[in-house]
Every structure is written in C-alpha cells, then in structure tokens.
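A.B. asks: Here's a sequence, model it:
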Amino acid sequence: MARSLGFPGYQYVTVPHPIASRTQQEIDEIAAAALPEIVRVLGAGLTVRPVDPPGAANGAATGGRRDA
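C.D. replies: Down below sits the predicted model:
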C-alpha cells in the first residue's frame with residue numbers, strides 16, 4: 001500500500017488484531033513487545049534510561065541531567 005501511494009521505503013510496525021476484544025493487560029503486552037520495533041522505525045536509535053530525580057545525589061547539580 002505504501003508503495004502504491006508513492007512511499008516505497010515507508011516502514012511501519014504491525015501488531016496482532018483484533019485489538020478491541022483484548023484486555024488492558026494484553027494490549028500492554030502487545031505494546032511492550034512492539035516498542036523496540038517502533039523505536040527502530042522512528043529512527044531514534046536511543047537507549048532509554050531513567051533520569052535521576054531532582055535532588056538525587058549524583059544528579060543534584062545538573063537537575064537530573066547526566067549530560068551537563
């Protein structure tokens with residue numbers, strides 16, 4: 001379909017269907033399983049890591065940022 005609309009390299013992520021009849025737990029599991037592929041398609045290439053909460057010992061001077 002993407003090719004026929006002029007986007008031959010368009011990347012997308014598919015998830016199992018139907019969604020409407022799934023429980024919240026099932027949807028959460030599907031989303032968690034799809035997340036790495038979603039990040040890859042979006043091109044983020046980032047490693048997700050928690051940020052120190054404000055006032056934490058090793059992040060107090062930078063407001064929780066690790067790159068400052």
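
A.B. asks: can you give me the helices in this structure?
C.D. replies: Defined through DSSP state H, the helices belonging to the chain, from first to last, are 24-42.

A.B. asks: Quick one: end-to-end length of stretch 6-21, please.
C.D. replies: End-to-end distance of stretch 6-21: 33 Å, with C-alpha to C-alpha, to the nearest Å as the criterion.

A.B. asks: Buried ones in that stretch, by neighbour count?
C.D. replies: When neighbours are counted by 16 or more other C-beta atoms under 10 Å, no buried residue of stretch 6-21 is found. The C-beta positions use only the backbone N, C-alpha and C, and glycine is treated the same way.

A.B. asks: For it, what is the distance to the chain centroid?
C.D. replies: Its chain's C-alpha centre and that of stretch 6-21 lie 15 Å apart, by C-alpha atoms, centre = their mean, to the nearest Å.

A.B. asks: same deal with stretch 6-25?
C.D. replies: Stretch 6-25 has its C-alpha centroid displaced from the chain centroid by 14 Å (C-alpha atoms, centre = their mean).

A.B. asks: mean confidence for it?
C.D. replies: Stretch 6-25 carries an average pLDDT of 90.

A.B. asks: now what about it, what contacts it?
C.D. replies: 2, 27, 30-31, 34, 37-38, 41 (C-beta atoms under 8 Å, 6 or more residues apart in numbering).

A.B. asks: what about Leu35, how many neighbours?
C.D. replies: Number of residues near Leu35 (other C-beta atoms under 10 Å) recorded here: 12.
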